[in-house]
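Participant: Mind folding the following:
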Amino acid sequence: MAELPALILLAVVAYFGWKIYSGYRDGPDARSPKQKVPAAPRAHIAAHHWENNGYREVEVVGESNYQPHLKRLVGTPDENGVAVACKAFLIPEPANQYDRNAIRVDIDGGTVGYLAKANAALFHQRLKDHGVAGATTSCPAVIFGGKKMDRVRTPYGVWLEMKRL
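Facilitator: As a prediction, this is how the structure comes out:
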């Protein structure tokens, strides 16, 4: 009978030991759901690349929601700000809860904004016309901003270097 409390104690210790071990195995974010861990960069493969052809006519919207990622991409600007050339990926989001025609714009594995609603609908037609409907495509882009004005930096924006939609 004296063995029963020892067995219960052993079971309790084993249970809590397993919980602690599995918490460390799964990483710190598994133990603390309030802790935000940045998502791993997404790798994209473009079905088509839209050439520059001298245009810079398609504006990205919603960049204010992605300023931390844009700041990481451009580094530290001087007083005049920056204009950084890069490659943008245009990803259709048919399951987007706000717009089934939504086109997400990613640069270097992170979202930087979306095409405006009217442009997204036109872009879907362009995808169909080029035989790549629903596919991820890419194009040259420019991240601009960060100019120092009255001790405050202007926010960053993105223009896509492609023909107007």
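Participant: which residues in the chain form strands?
Facilitator: For the chain, the strands defined by DSSP state E occupy 48-49, 58-61, 82-92, 103-107, 110-115, 137-145, 148-149, 152-153, 157-160.
Participant: Save those as TSV, and put in distance to residue 75 and mean neighbour count too.
Facilitator: All C-beta atoms are positioned from the backbone trio N, CA, C, and that covers glycine. As requested, these are arranged in TSV below (distance: least, C-beta to C-beta, whole Å; neighbours: other C-beta atoms under 10 Å):
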stretch	distance to residue 75	mean neighbour count
strand 48-49	25	14
strand 58-61	19	20
strand 82-92	8	19
strand 103-107	14	22
strand 110-115	15	22
strand 137-145	11	21
strand 148-149	15	11
strand 152-153	13	12
strand 157-160	16	22
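Participant: May I see these organised as TSV, with mean pLDDT and distance to residue 131 added?
Facilitator: Listed next are these as TSV, based on pLDDT from 0 to 100; distance: least, C-beta to C-beta, whole Å:
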stretch	mean pLDDT	distance to residue 131
strand 48-49	90	8
strand 58-61	94	20
strand 82-92	93	14
strand 103-107	97	17
strand 110-115	97	20
strand 137-145	93	11
strand 148-149	83	45
strand 152-153	85	42
strand 157-160	94	20
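Participant: can you put these in a markdown table and add distance to residue 70?
Facilitator: As requested, the strands of the chain are exported to a markdown table (distance: least, C-beta to C-beta, whole Å):
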| stretch | distance to residue 70 |
| --- | --- |
| strand 48-49 | 22 |
| strand 58-61 | 10 |
| strand 82-92 | 9 |
| strand 103-107 | 8 |
| strand 110-115 | 6 |
| strand 137-145 | 6 |
| strand 148-149 | 16 |
| strand 152-153 | 11 |
| strand 157-160 | 7 |
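Participant: Nearest to residue 76, out of these?
Facilitator: Proximity to residue 76, assessed across those by C-beta to C-beta, is greatest for strand 82-92 (9.1 Å).
Participant: Quick one: list the elements packing against that closest one.
Facilitator: Using 3 or more C-beta pairs under 8 Å, 6 or more residues apart in numbering; DSSP states H and E as the contact criterion, the neighbours of strand 82-92 among helices and strands are helix 67-74, strand 103-107, helix 117-129, strand 137-145, strand 157-160.
Participant: Could you rerun that using 10 Å?
Facilitator: Judged by 3 or more C-beta pairs under 10 Å, 6 or more residues apart in numbering; DSSP states H and E, strand 82-92 is in contact with strand 48-49, strand 58-61, helix 67-74, strand 103-107, strand 110-115, helix 117-129, strand 137-145, strand 157-160.
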